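>>> Fold the following for me, if possible:
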Amino acid sequence: LLETFRVGKPSASELRRAAVDLSGAPGERDVLAVVRAINTLGDKEKRALRSVLDTLRAPLKRAADGNFSEAERVTICETLLRCDERTLLRAYAEIGLRRWPGQPLFVYLTTFAKYGATARFTMSEREQLALEAALDKALADGDERTVLRIRELIAPQWEDDPDGDDFDDDTFADLGKELFENPS
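Take a look at the predicted model:
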């Protein structure tokens with residue numbers, strides 16, 4: 001699919017010519033190969049990525065319950081998160097959460113896939129509690145990346161700073177007062 005897009009050929013006819021059947025669920029190796037191919041795409045190949053995902057979305061979704069290791073499932077989910085492919089991310093993350101209950105990263109990924117960056121406004125109280133429990137577990141495990149992600153989902157930094165700047169207003173005012181009173 002990527003090569004047909006790069007050379008400007010219609011992907012549907014090339015898939016038929018190559019006898020690729022998209023009606024079934026691809027195996028684990030095939031899903032991981034697609035993920036590796038997606039990860040090699042540069043920032044300028046967003047149209048190619050969309051074309052590939054539009055063509056493979058249904059088969060990839062059918063493969064979500066495949067027998068992936070935890071590390072493989074995390075790799076798949078992280079790739080889908082980077083691609084802003086929330087439908088597929090949700091399918092893979094929810095199964096990951098079922099297989100590894102309470103795993104903070106899968107709690108975060110499932111919540112993000114379901115609600116996006118505005119989860120704090122729309123998630124249920126039960127989901128909020130699950131996210132807070134995942135935060136506690138991630139803190140206990142020393143998983144700083146997941147801690148930051150969950151915190152950003154629960155209450156983004158800008159909510160702590162109503163002005164939208166990075167300055168503490170009192171400190172900034174004190175600094176200005178000191179500069180004007182003691183110019184040196």
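>>> phi, psi of the residue most central in space within the chain?
The chain has Leu81 as the residue nearest its centroid, 2.3 Å off, counting by C-alpha atoms, centre = their mean. Leu81 adopts backbone torsions of phi -60, psi -50, taken as degrees, to the nearest 10.
>>> For Leu109, see how far away it is.
7 Å (C-beta to C-beta, to the nearest Å). For every residue, glycine as well, the C-beta is placed using N, CA and C.
>>> any common contacting residues for these two?
Leu89 (C-beta atoms under 8 Å, 6 or more residues apart in numbering).
>>> Extract the CA atoms of stretch 59-66 and return them as PDB.
The C-alpha trace of stretch 59-66 is given here as PDB (Å, rounded to 0.1, in the frame of the first residue of the first chain):
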ATOM      1  CA  PRO A  59      -8.800  -5.900   9.100                       C
ATOM      2  CA  LEU A  60      -6.600  -4.300  11.800                       C
ATOM      3  CA  LYS A  61      -9.700  -3.900  14.100                       C
ATOM      4  CA  ARG A  62     -10.600  -7.600  13.500                       C
ATOM      5  CA  ALA A  63      -7.000  -8.500  14.600                       C
ATOM      6  CA  ALA A  64      -7.100  -6.500  17.800                       C
ATOM      7  CA  ASP A  65      -7.800  -9.600  19.900                       C
ATOM      8  CA  GLY A  66      -4.700 -11.400  18.600                       C
END
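>>> Touching that stretch from outside, list them.
22-28, 30-31, 34, 53, 87-88, 91-92, 95.
>>> swap in stretch 99-107?
Contacts for stretch 99-107 (C-beta under 8 Å, 6+ apart): 70, 73-74, 77, 93, 96-97, 130-131, 133-135, 137-138, 141, 143, 146, 150.
>>> show me the residues around the residue nearest to the centre of the chain that make contact.
Taking C-beta under 8 Å, 6+ apart, we find Leu81 in contact with 89, 109, 112-113.
>>> can you put those residues in CSV and add pLDDT?
Shown next, in CSV, are the contacts of Leu81 (pLDDT from 0 to 100):
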residue, pLDDT
Leu89, 97
Leu109, 97
Phe112, 96
Ala113, 96
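>>> farthest pair in those residues?
Pairwise distances across the contacts of Leu81 peak at 7.5 Å for Leu89 and Phe112 (criterion: C-beta to C-beta).
>>> For Met123, give me the backbone phi and psi.
phi -70, psi 160.
>>> Look up the pLDDT of it for me, please.
Looking at Met123, its pLDDT reads 92.
>>> wait, it sits on Thr111?
Yes - the pair Met123 / Thr111 is scored as a contact, 6.3 Å apart, by C-beta atoms under 8 Å.
>>> Before I go, just wanted to say thanks for your time.
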